[in-house]
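A.B. asks: just to be clear, the model below is a prediction. Sequence and coordinates:
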Amino acid sequence: MNLNYNCPICGKPGPSSPRYPRWICPECGQRATDENGRGLRFQNVSVSGGYEAYYRDTGEPYNSHICFVDGVKCWADEAYMGGIVISIRDE
């Protein structure tokens, strides 16, 4: 495991990933919000994968991949081998 990567939000060290070069750490991902500051949670649709997002406060669906962490625009999606990955959004 190559630990010469730092989360672009908080600076925490973690493994580098050629597939997700601008991923953020799980702790920062827990602070993901929509553009209005409402908290979000992300999960796979089933054990076989997929992506879905919900508002933390009501559980209603959030129909986008765009999220914000500490004001930084990010993109949440299904990770290659399962789980969810959140990365800095390159415009």
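C.D. replies: That came through, no problem.

A.B. asks: the strands in the chain, which residues?
C.D. replies: Using DSSP state E, the strands of the chain run over residues 5-6, 13-14, 40-43, 52-55, 66-69, 72-78, 84-88.

A.B. asks: now those as TSV including mean pLDDT, mean neighbour count and distance to W23?
C.D. replies: Every residue, glycine included, has its C-beta placed from N, CA and C. Below are the strands of the chain laid out as TSV (pLDDT from 0 to 100; neighbours: other C-beta atoms under 10 Å; distance: least, C-beta to C-beta, whole Å):
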stretch	mean pLDDT	mean neighbour count	distance to W23
strand 5-6	94	15	8
strand 13-14	92	14	8
strand 40-43	97	18	13
strand 52-55	98	16	17
strand 66-69	98	20	11
strand 72-78	97	17	9
strand 84-88	96	20	5
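
A.B. asks: including distance to Q30, could the ones you listed go into a markdown table?
C.D. replies: Below are these laid out as a markdown table (distance: least, C-beta to C-beta, whole Å):
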| stretch | distance to Q30 |
| --- | --- |
| strand 5-6 | 18 |
| strand 13-14 | 15 |
| strand 40-43 | 8 |
| strand 52-55 | 14 |
| strand 66-69 | 9 |
| strand 72-78 | 12 |
| strand 84-88 | 10 |
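
A.B. asks: among these, which is nearest I24?
C.D. replies: Proximity of the strands of the chain to I24 was assessed by C-beta to C-beta; the nearest stretch is strand 84-88, lying at 5.2 Å.

A.B. asks: got the angle for the closest one vs strand 72-78?
C.D. replies: Relative orientation of strand 84-88 versus strand 72-78 (axes from the mean of the first three to the mean of the last three C-alpha atoms, to 10 degrees): 150 degrees.

A.B. asks: now strand 84-88, how far from the chain's geometric center?
C.D. replies: Centroid separation between strand 84-88 and its chain, computed with C-alpha atoms, centre = their mean, to the nearest Å, is 3 Å.

A.B. asks: give the other helices and strands that it contacts.
C.D. replies: If contacts are counted by 3 or more C-beta pairs under 8 Å, 6 or more residues apart in numbering; DSSP states H and E, strand 84-88 sits against helix 26-29, strand 40-43, strand 72-78.

A.B. asks: fine, thanks again, bye for now.
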